[in-house]
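Chemist: Need a 3D model of the sequence below.
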Amino acid sequence: MRSIKIIFFIMLFILTVFFIFQNTAVMQITFLFWSVSMSACLILLITFFSGFILGGFFKLLKVRKKALKASAS
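Modeler: Predicted structure coming up:
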């Protein structure tokens, strides 16, 4: 099961890299009163890695909560 997850992650990563480098046009992003113009591939990379880091953080919190619950019992 673990090897299937690793293969899936590698395939997803490769597809993401291809998608990012095919989208190199400059885009303008506006959020509330803040706006920035940058390459779409940078925006996609930032989004991808932010999601990856947040996912790992929430997974860590879940594991930690489970360990605390097991030690309290």
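Chemist: for this protein, what spans make up the helices?
Modeler: 2-22, 40-72 (DSSP state H).
Chemist: Buried residues in the first one, which are they?
Modeler: Residues of helix 2-22 classed as buried: residue 20 (neighbour count, 16 or more other CB atoms under 10 Å). All C-beta atoms are positioned from the backbone trio N, CA, C, and that covers glycine.
Chemist: Quick one: mean pLDDT for stretch 23-39?
Modeler: For stretch 23-39, mean pLDDT is 87.
Chemist: Residues contacting it, please?
Modeler: 40-41, 43-44 (CB atoms under 8 Å, 6 or more residues apart in numbering).
Chemist: tell me how far the ends of it are from each other?
Modeler: Stretch 23-39 has an end-to-end distance of 8 Å (CA to CA, to the nearest Å).
Chemist: what about the nearest residue to residue 40 once chain neighbours are set aside, how many neighbours?
Modeler: Sequence neighbours aside, residue 23 is the residue nearest to residue 40 in space, at 4.3 Å (criterion: CB to CB, 6 or more residues apart in numbering). Residue 23: 13 surrounding residues under other CB atoms under 10 Å.
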